[in-house]
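# Return a 3D structure for these sequence lines:
(2 chains)
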Amino acid sequence: MYWSKLFIPTLRETPAEAEVVSHALLLRGGYIRQLAAGIYSYLFLAQRSLLKIMRIIREEMDGIGAQEMFLPALHPADLWRESGRWDVMGDNMFRLKDRFERELCLGMTHEEVMTHIARGELRSYKQLPQIWYQIQTKFRDEPRPKSGLLRVRQFLMKDSYSFDLGPEGLDAAYEKHYQAYCRIFDRCGLEYIVVEAHSGAMGGSQSHEFMVKADAGEDYVVQCTGCDYAANLEKAASKPVPPRGPDPEGDLEPEKFPTPGRKTIAEIADFTGLPESSQIKSLVMVADGKPVLVLLRGDHALSETKLQAVTGATEIRPAHPDEIREWFGADAGSLGPVGVTNMPVLADEALKGRRNMICGANEDGYHLRHVTPDEDFQAEYHDLREVADGDTCASCGARLGVIKTVEVGHIFKLGYKYSESMGLKVLTEDGKEIPVIMGSYGIGVERILSAAVELYHDEDGMALPAAIAPFEVVITPVNKSNDDQRSAAEQLYARCKAAGLDALYDDRDERAGVKFKDADLIGIPYRITVGKKLAGGKVEIVERRTRQSEDVALSEAVDYLAEKIRQAKQ
RNA sequence: CGGGGCGUGGCGCAGCCUGGUAGCGCACCUGCCUUGGGCGCAGGGGGUCGCAGGUUCGAAUCCUGCCGCCCCGACCA
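Numbering: from 1, shown residues only, chains lettered A, B, ... in the order given. A predicted model of the protein is given here:
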């Protein structure tokens, strides 16, 4: 295509609202424009790139026998009431009414609609297994859209759903998706890690997330430096670093001591001269309206996700100060488990076997020393602690690190959640009616583009992988008024097209500097520069990412480049 | 929802405190010039100063309310 005819509104300066790199560059590169908070228009370049991503996704999904469909974005409320998610989704769901006051919503995901189709049509085990997918716009009324395309209220998702007769079938569908996702992200040129994840409100047993390392990301991933263990921080387990010092020996009795004005773990550590790891941290949480006392080692943090999993609660929140006063007769900062009988006490496993620790006395301004779990109070032990950077790996003992990531894909074993609540059953070979087991699998299409920009950019702009860049090569005559250069460039462009390359011809009447800056900004992976060296029959092939430049004979340039691009796309 | 910041030509910003002509750089248009990293010169077009109300002879500027956007937190599939 001829650049002079295209709408590629590049910006010299970064719009003030863009803080993360991918947002700033997609805006500057003329890929996207914002319409409202978390709502973006995808202009020509973005659309081209997204179409390439979607094509890769389609090829790989089709490759595992998945069948593409296209479902409505507008859903009746009753369907969501059947699965119970009309209420669960809360304010995150866009809701509306039609002219007859019937309630509707905009689809956040499509388990309900897919299950609706399945239950209407699937009758026999002979029709299983099935994998259905679509690429569709999803709507989520995020409390805080942010970071350009990374967290938005309307976005494209490839979502697929598997239907199987039993757990072995689900395992197979899950594995197929796992492999297909790896191929998709490989082909898109991303570096990513696959982590064990928490299945959250989707329900279900097992899940993995596909994560791309990026400072702009919001998900924390724990990664082992020694083995291949990796998990979402919400779910990760580890061996904690040992306490700073040994516990005092002996069968000591709890003893109250004054700690005037000292409330935090750090203040008590400072006051007693003992490490934070010698204290019991007491947190009062409210799980579905019921209080629970959570105990952790002083230097550890609570994983609310783990607590939620342990309690089975749908909503977890810290107790309000007045609730704490009512239940404990003291304020946060002086709380402890000794003598607590009016609520369940859950303790993190790191407290098991510890002796003579310090905790609050449930009396303002006082703490207890010599408190020993299982002797001075009873608790139920669970893994409740959030892994910290520097913990050791539970499987190999090496050091764990915590990194920030962007989630680009997520696969879930749903189990029977939707088939049971919505009545999706088939007859088995021996005539029994059984619910179908399901899986669901998602990819955030725009996030692939954003993550690629986060991963591959420099001070001049993006350096996109060839497979997903809006064009594979840009042909840049340095001086358009030079007839030789112009005709050589036109010839190269024609040959690129003939060779099947996705080429952009920068025929604009601009100075070379402008063309180079723009090409760098929008991230086209290769550039053929037609300039002075043409006199000697040569043109330059420049690789965007490495900035390496090679002089190649005009006649060989296209074949040479076509081979390079073929390799880059694998 | 809590905290903070910001709304002035397409983009980046100044002007506001101390009320009186709306300004700068980039971009855009025309002409000349230039042609290997966002050239140069000359001329030109474009702004309800987020919205509404109030104070005032007079409001971008002061006051009140609202709206929008960004960031931090809460939340999150």
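# how about A:A24, what does it touch?
A:T14, A:P15, A:A18, A:G148 (C-beta atoms under 8 Å, 6 or more residues apart in numbering). Just so you know, the C-beta spots here come from the backbone N, C-alpha and C atoms, and that holds for glycine as well.
# just the residues you listed now: which is nearest RNA strand B?
A:P15 (3.5 Å; C-beta to the nearest atom of the strand).
# The closest one - that's part of a strand, no?
No - using DSSP: H, G, I helix; E, B strand; the rest coil, the secondary structure at A:P15 is coil, not a strand.
# contacting residues for it?
Contacts of A:P15 (C-beta under 8 Å, 6+ apart): A:A24, A:L27, A:R28.
# mind checking how far it is from A:L27?
5 Å (C-beta to C-beta, to the nearest Å).
# ditto for A:Q136
Distance from A:Q136 to A:L27, by C-beta to C-beta: 25 Å.
# Same check on A:G365?
55 Å.
# Buried ones among the contacts of A:A24?
A:A18, A:G148 (16 or more other C-beta atoms under 10 Å).
# Would you check which pair of the contacts of A:A24 lies furthest apart?
Pairwise distances across those peak at 11.6 Å for A:T14 and A:G148 (criterion: C-beta to C-beta).
# Overlap in contacts, the two.
Counting by C-beta under 8 Å, 6+ apart, the residues touching both A:T14 and A:G148 are A:A24, A:L27.
# so A:M357 makes contact with A:K281?
No - A:M357 lies out of contact with A:K281 (C-beta atoms under 8 Å); the separation is 10.3 Å.
# ok, the two, which is more surrounded?
More crowded of A:M357 and A:K281, by other C-beta atoms under 10 Å: A:M357, with 26 against 22.
# list the contacts for that one?
Contacts of A:M357 by C-beta under 8 Å, 6+ apart are A:D247, A:S278, A:Q279, A:I280, A:L351, A:R369, A:H370, A:V371, A:T372, A:P373.
# need the next SSE after the worst-scoring helix or strand of chain A on mean pLDDT, C-terminal direction.
Between all helices and strands in chain A, the lowest mean by mean pLDDT, DSSP states H and E belongs to strand A:316-318, at a mean of 80. Next in sequence after strand A:316-318, counting helices and strands by DSSP states H and E, comes helix A:321-328.
# contacts for that following helix?
Contacts for helix A:321-328 (C-beta under 8 Å, 6+ apart): A:V284, A:V286, A:P291, A:A319, A:A330, A:D331, A:A332, A:L335, A:V340, A:N342, A:M343, A:N362.
# Need the phi and psi values for A:P291.
Torsion angles at A:P291 (phi, psi; degrees, to the nearest 10) stand at phi -70, psi 150.
# Please tell me how far it sits from A:V340.
10 Å.
# same deal with A:E375?
Distance from A:E375 to A:V340, by C-beta to C-beta: 15 Å.
# When these two are compared, which one has more neighbours?
Per other C-beta under 10 Å, whichever of A:E375 and A:V340 has more neighbours is A:V340, with 21 against 14.
# Can you name the residues in contact with stretch A:90-103?
A:76-77, A:80, A:86, A:104-106, A:108, A:139-143.
# ok, so of these, who is nearest A:D507?
A:F139 (40.5 Å).
# show me what contacts that closest one?
Counted by C-beta under 8 Å, 6+ apart, A:F139 has contacts A:A73, A:F94, A:L106, A:G107, A:M108, A:R153, A:Q154.
# Count the neighbours of the fourth one for me.
Counted by other C-beta under 10 Å, the residues lying close to A:G107 total 24.
# Then the first one?
Neighbourhood size, A:A73 [other C-beta under 10 Å]: 17.
# and what of the last one?
A:Q154 is surrounded by 20 other residues when neighbours are defined as other C-beta under 10 Å.
# And for the second one?
Neighbouring residues of A:F94 were enumerated by other C-beta under 10 Å; the total is 17.
# what do you get for the one 5 residues further on?
A count of neighbours around A:R99, defined by other C-beta under 10 Å, yields 5.
# Could you do the one 10 residues further on as well?
Taking other C-beta under 10 Å as the neighbour definition, A:T109 ends up with a count of 20.
# just A:D458 next, same as before
12.
# Can you tell me how far it is from RNA strand B?
Noted for A:D458: a distance of 10 Å to RNA strand B, by C-beta to the nearest atom of the strand, to the nearest Å.
# do the same with A:H177
In terms of C-beta to the nearest atom of the strand, A:H177 sits 15 Å off from RNA strand B.
# circling back to that earlier point, between the contacts of stretch A:90-103, which has the most around it?
A:W80 (24 neighbours).
# so that residue touches A:V113, yeah?
No - with contacts counted by C-beta under 8 Å, A:W80 stays clear of A:V113, the gap being 9.6 Å.
# Tell me who's in contact with A:D509.
A:D509 neighbours (C-beta under 8 Å, 6+ apart): A:S4, A:K480.
# about what we covered before: of the contacts of A:M357, which is the nearest to A:A216?
A:Q279 (35.6 Å).
# partners of the closest one in the sheet?
With DSSP bridges as the criterion, A:Q279 is bridged to A:I358.
# go on, the one 5 residues further on?
Taking DSSP bridges, one finds A:L293 as the beta-bridge partners of A:V284.
# While we're on the residue nearest the centre of chain A, how confident is the model there?
The residue lying closest to the centre of chain A (C-alpha atoms, centre = their mean) is A:E407, at 1.7 Å. Per-residue pLDDT puts A:E407 at 95.
# quick one: buried residues of the helix or strand where it lies?
Per DSSP H and E, A:E407 falls inside strand A:400-415. Buried residues in strand A:400-415, defined by neighbour count with 16+ other C-beta under 10 Å: A:400, A:402-403, A:405-415.
# restrict the residues you listed to contacts with RNA strand B.
A:H410 (C-beta under 7 Å from any atom of the strand).
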